[in-house]
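Student: Please work out how this folds:
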Amino acid sequence: SFPTRRSSDLVSEKVADCLLRRSCLTLGRADWRVVPWIMWDGSKTAGDQDWFLDALFAFISAERPKSVVRALVHAYVYFFDPERNSFHRVALFLKSCISTMSDRFAETWIGFNNRCELFNPRLAPSCIAQLALASSNLFESLREVGLTGDQIDGGLARASFSYAYQVVARNLTNVNDQEAMRRAIDQLLSWGTGTAEHFRYQSLFAPMATTLLESLASSNAASEAQERLVRYFVDKFGDPRLNRAKWHGISKAAFEVAMRILVRATLDDFTRVIDATADPRHWRERKPFWLKYYEIGAIEDAWVAFGPSAVSHARHLEKRYALLNNASDNAHSALILRISDLIIVEWSHNGRCRFFPRGAGAWTPDLYAARYDFKLLHYRSDHPGGFLPHMNNWQFRFAHVIYESTRIQHPQFGAGWRSAARRTFAT
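Tutor: This next block holds a predicted model:
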């Protein structure tokens, strides 16, 4: 167990004096029991001094104090850092030391070492990770290698988790065994969450999310693995569209994967709610039209503003969207999309689709607001396309407006019809 704060502070002062004098003669037996817990902690560098480790090893070899050996073992696991040479020295010493001991503690840790190369800093993380991912009982497998209680939050557990997510990332594209992939993701996320419902290893979020999501970046289609991971990250770190700072450190490629999943989820959430609040005939043609743009990666942002009566149908959704105020019908809702520099406002009910050039004045709606006024979204914009009705081959006219603004062709309707669009454009 960890020493008390008072004893740690007292021994820290003694160790600081030892470092100045390059001598450990002032340290007594009780002090040495605390030393393993403070020699690697924070800015204290005693554990990285070869002569200091030599003094610690000499004391243990001469006195055989079991309490100091136990403290050193637990501190090695808790502060584990394979990038520091001192941990390699301590591991080698402990492996030799406990092999000469015959008590229950020594037998237990010899067993841990035999199971996962615990006292080999280069191999222990990979061995533990593979054991954990392959186990039907994750936390039991971690207990079987000494990672329980506070140790599951410590350095060796963190290093093993880091190796585990890299293993999972390499296997994510293995479409031949979807069940194994699903199980590995569940094991990994269970390990990262534990029982506290927060992400256990905060410093690993950015590299973990980057590694896992980048491994899926080559796929435009939303896969089960992508959705599972993004849903988990949003749950633990918030929606990146609303709080980008919490996703600091995520690579651009990984962030784009997350956004692609969130865009699809937003489209699905919108259609799910309007199926219950609007005439389903309105979206029988609109949904496949917009999904085609999504499938080619053209829709970069998507957001929803639900009318007051639609909000009640949206309460079961995992995400929270905006509220639409002052509409003539409380069931009216708006889907706000961005394709390149073009902002598009599509409606749940009868209503002309609005096209806004991004950043072209105060009337262009911002994405990801908490509330929208109906008049703002319904405003007759100054874009050449303005607003268009869903009538008479509307798909070609919509595709033409989008192509003229973005040079992006619709997969089915191409660049649209210039002549038909000109006859219908509102200016």
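Student: Which strand runs longest in this structure?
Tutor: Taking DSSP state E as the criterion, the chain has its longest strand at strand 299-306.
Student: Render the CA-only coordinates of whichever helix or strand comes after that one in CSV, please.
Tutor: Sequence order places helix 308-314 as the next helix or strand after strand 299-306, per DSSP states H and E. As requested, the backbone C-alpha atoms of helix 308-314 are provided in CSV (Å, rounded to 0.1, in the frame of the first residue of the first chain):
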residue,chain,number,x,y,z
PRO,A,308,-40.7,22.1,-29.9
SER,A,309,-43.1,19.2,-30.5
ALA,A,310,-40.4,17.2,-32.3
VAL,A,311,-38.1,17.6,-29.3
SER,A,312,-40.2,15.1,-27.3
HIS,A,313,-39.5,12.5,-29.9
ALA,A,314,-35.8,13.3,-29.9
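Student: list the helices and strands helix 308-314 packs on?
Tutor: helix 252-277, strand 322-325 (3 or more CB pairs under 8 Å, 6 or more residues apart in numbering; DSSP states H and E). Any C-beta I mention is one placed from the backbone N, CA and C, and that applies to glycine too.
Student: just for the stretch 251-400 of the chain, where's the confidence low?
Tutor: Low-confidence segments of the stretch 251-400 of the chain, defined by pLDDT under 70, are located at 318, 358-361, 380-385.
Student: give me that answer again for 80
Tutor: 277-282, 312-319, 328, 350, 358-363, 379-386 (pLDDT under 80).
Student: hang on, residue 285 packs against residue 391?
Tutor: No: counting by CB atoms under 8 Å, residue 285 does not reach residue 391; the two are 11.2 Å apart.
Student: now the strands for the protein?
Tutor: Assigned by DSSP E, the strands in the chain fall at 299-306, 322-325, 334-339, 342-347, 353-357, 371-373, 387-388.
Student: Give the pairing partners of the shortest one; include direction for each.
Tutor: Strand partners for strand 387-388, identified by DSSP bridges, are recorded as strand 353-357 (antiparallel).
Student: Let me know the angle separating the strand it pairs with from strand 334-339.
Tutor: Between strand 353-357 and strand 334-339, the angle comes out at 40 degrees (axes from the mean of the first three to the mean of the last three CA atoms, to 10 degrees).
Student: ok and strand 353-357 relative to strand 342-347, angle-wise?
Tutor: 160 degrees.
Student: Kindly export strand 353-357 (C-alpha atoms) in PDB.
Tutor: Provided in PDB are the C-alpha atoms of strand 353-357 (Å, rounded to 0.1, in the frame of the first residue of the first chain):
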ATOM      1  CA  CYS A 353     -34.500  24.100 -49.400                       C
ATOM      2  CA  ARG A 354     -32.300  27.000 -48.600                       C
ATOM      3  CA  PHE A 355     -28.700  27.500 -50.000                       C
ATOM      4  CA  PHE A 356     -26.300  29.800 -48.200                       C
ATOM      5  CA  PRO A 357     -22.700  30.600 -49.200                       C
END
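Student: who's in contact with it?
Tutor: 341-347, 363-365, 377-383, 385-390, 398, 401-402, 405 (CB atoms under 8 Å, 6 or more residues apart in numbering).
Student: How about stretch 183-190?
Tutor: Contacts of stretch 183-190 (CB under 8 Å, 6+ apart): 132-133, 135, 138, 161, 164-165, 167-168, 171, 225, 228-229, 232.
Student: and what of stretch 41-53?
Tutor: 12, 15-16, 18-19, 22, 24, 35, 38-40, 79, 84-86, 89-90.
Student: what distance separates the start and the end of that stretch?
Tutor: Across stretch 41-53, the terminal residues are separated by 15 Å (CA to CA, to the nearest Å).
Student: what does stretch 127-143 give?
Tutor: End to end - CA to CA - stretch 127-143 spans 14 Å.
Student: Give me the below-cutoff pLDDT ranges for the stretch 51-200 of the chain.
Tutor: Using pLDDT under 80, the stretch 51-200 of the chain drops low at 173-180, 194-197.
Student: Please, where are all the helices along it?
Tutor: 66-78, 85-99, 104-116, 124-134, 138-143, 155-171, 178-193 (DSSP state H, counting those that start in this stretch).
Student: Out of those, the one nearest residue 271 is which?
Tutor: Among the helices of the stretch 51-200 of the chain, helix 178-193 comes nearest to residue 271, with 26.0 Å by CB to CB.
Student: Keeping just the C-alphas, turn that closest one into PDB.
Tutor: C-alpha atoms of helix 178-193 as PDB (Å, rounded to 0.1, in the frame of the first residue of the first chain):
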ATOM      1  CA  GLN A 178     -16.200  -9.700 -37.200                       C
ATOM      2  CA  GLU A 179     -17.200 -11.400 -33.900                       C
ATOM      3  CA  ALA A 180     -13.500 -11.500 -32.800                       C
ATOM      4  CA  MET A 181     -13.100  -7.800 -33.700                       C
ATOM      5  CA  ARG A 182     -16.300  -6.900 -31.800                       C
ATOM      6  CA  ARG A 183     -15.100  -8.800 -28.700                       C
ATOM      7  CA  ALA A 184     -11.600  -7.200 -28.800                       C
ATOM      8  CA  ILE A 185     -13.200  -3.700 -29.000                       C
ATOM      9  CA  ASP A 186     -15.500  -4.500 -26.100                       C
ATOM     10  CA  GLN A 187     -12.600  -5.800 -24.000                       C
ATOM     11  CA  LEU A 188     -10.500  -2.800 -24.800                       C
ATOM     12  CA  LEU A 189     -13.200  -0.300 -24.000                       C
ATOM     13  CA  SER A 190     -14.100  -2.100 -20.800                       C
ATOM     14  CA  TRP A 191     -10.500  -2.000 -19.700                       C
ATOM     15  CA  GLY A 192     -10.300   1.700 -20.500                       C
ATOM     16  CA  THR A 193     -13.500   2.500 -18.600                       C
END
